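> sequence-free structure coming up:
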């Protein structure tokens, strides 16, 4: 299934607006958490940074950031995933 088909299917399954969790993983340090927070704030109006959950890996080298966003459209959600995935500090977006 192509990326376009996947996003179209997601748009069919979700009823917008929707509260949607996103998990972002990258190396701990170097301003990773702040960079991701800033990116989300710029793309999601009304995003509450207080909803962010941080979790370090067992050895402390990696950081998982869980964000709860209010998505208003499939296009907004897709754009956010693409921006997060393209960020040089990000290793995985789920």
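Good, I have the coordinates. No experiment lies behind these values; they were computed from the predicted model shown. Numbering: from 1, shown residues only.
> From here on, just use CA atoms for contacts and neighbour counts.
Fine.
> was I right about residue 20 contacting residue 69?
Yes: contact criterion C-alpha atoms under 8 Å: residue 20 and residue 69 qualify, at 5.3 Å.
> Which one's more surrounded, the two?
residue 69 (23 against 12; other C-alpha atoms under 10 Å).
> how about the more buried one, secondary structure?
Secondary structure, DSSP: H, G, I helix; E, B strand; the rest coil: residue 69 is strand.
> quick one: it and residue 62, what's the gap?
22 Å (C-alpha to C-alpha, to the nearest Å).
> in this protein, which helix or strand is least confident?
helix 3-13 (a mean of 74; mean pLDDT, DSSP states H and E).
> Which other helices and strands does that helix contact?
Counting by 3 or more C-alpha pairs under 8 Å, 6 or more residues apart in numbering; DSSP states H and E, the packing neighbours recorded for helix 3-13 are helix 74-86.
> isn't there a helix covering residue 40?
Yes: the assignment for residue 40 is a helix, going by three-state DSSP.
> How much space separates it from residue 51?
Distance, residue 40 to residue 51, by C-alpha to C-alpha: 12 Å.
> Which of the two has more residues huddled nearby?
Using other C-alpha under 10 Å, the more surrounded residue of residue 40 and residue 51 is residue 40, with 20 against 11.
> Would you confirm that that one contacts residue 47?
Yes: using C-alpha under 8 Å, residue 40 is in contact with residue 47, at 7.4 Å.
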